[in-house]
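*Asks:* Got a predicted structure plus its sequence, pasted below:
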Amino acid sequence: MTTKNRFTSSSTCVYNLGFHLIWCTKYRRKVLTPQIEARLKDLLKEKAEELEIEIVEMETVPDHVHLFVKTKPTYAPHFIVQQFKGYTSRILREEFAELRSRLPSLWTRSYFCESVGCISADTIIRYIENQKNH
């Protein structure tokens, strides 16, 4: 998947699915130090490659993560977040003892998700409303 081509196709569909995802550290603790942040970004890239998800943009601050991903239609946002959070939490907590001693888990159970597309909701509504006229 690339952002150069707006659409991606499989044998059964053509799609353009993007999500803005945000999740926070447990208790909003500012534990994403530069060393942990660098490793986190590497792990997110590894998992994205494994799942064939494109990370278009990624940024972290000490207490949360922002991702803009492009994905297949067979992956629900909840599945993507679950995969990223589970994978990164397990490995980061193994590699950085301070994450085990300060927190019962690395991430909160919640997350934010917003769909992202090239066409606004208003444009889609107008398009559907005008279908009978064609």
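*Replies:* Cool, got the structure. Residues are numbered from 1 along each chain as shown.
*Asks:* and residue 133, what pLDDT?
*Replies:* pLDDT recorded at residue 133 is 73.
*Asks:* Neighbours of it, how many?
*Replies:* 5 (other CB atoms under 10 Å). Using the backbone N, CA and C atoms, a C-beta is placed for each residue, glycine as well.
*Asks:* and what of residue 87?
*Replies:* Neighbour count for residue 87, taken as other CB under 10 Å: 16.
*Asks:* which element is it on?
*Replies:* For residue 87, the host element (DSSP states H and E) is helix 77-95.
*Asks:* Now that helix - C-alpha only, CSV.
*Replies:* What follows is helix 77-95 as a C-alpha-only set of coordinates in CSV (Å, rounded to 0.1, in the frame of the first residue of the first chain):
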residue,chain,number,x,y,z
PRO,A,77,-9.4,-0.4,13.9
HIS,A,78,-9.8,-2.3,17.2
PHE,A,79,-7.8,-5.2,15.8
ILE,A,80,-5.0,-2.9,14.6
VAL,A,81,-4.7,-1.1,18.0
GLN,A,82,-4.9,-4.4,19.9
GLN,A,83,-2.0,-5.8,17.8
PHE,A,84,0.2,-2.6,18.1
LYS,A,85,-0.4,-2.2,21.9
GLY,A,86,0.0,-5.9,22.8
TYR,A,87,3.2,-6.3,20.8
THR,A,88,4.9,-3.2,21.9
SER,A,89,3.8,-3.5,25.6
ARG,A,90,5.2,-7.1,25.8
ILE,A,91,8.6,-6.3,24.3
LEU,A,92,9.1,-2.9,25.8
ARG,A,93,8.3,-4.2,29.3
GLU,A,94,10.8,-7.1,28.8
GLU,A,95,13.5,-4.7,27.6
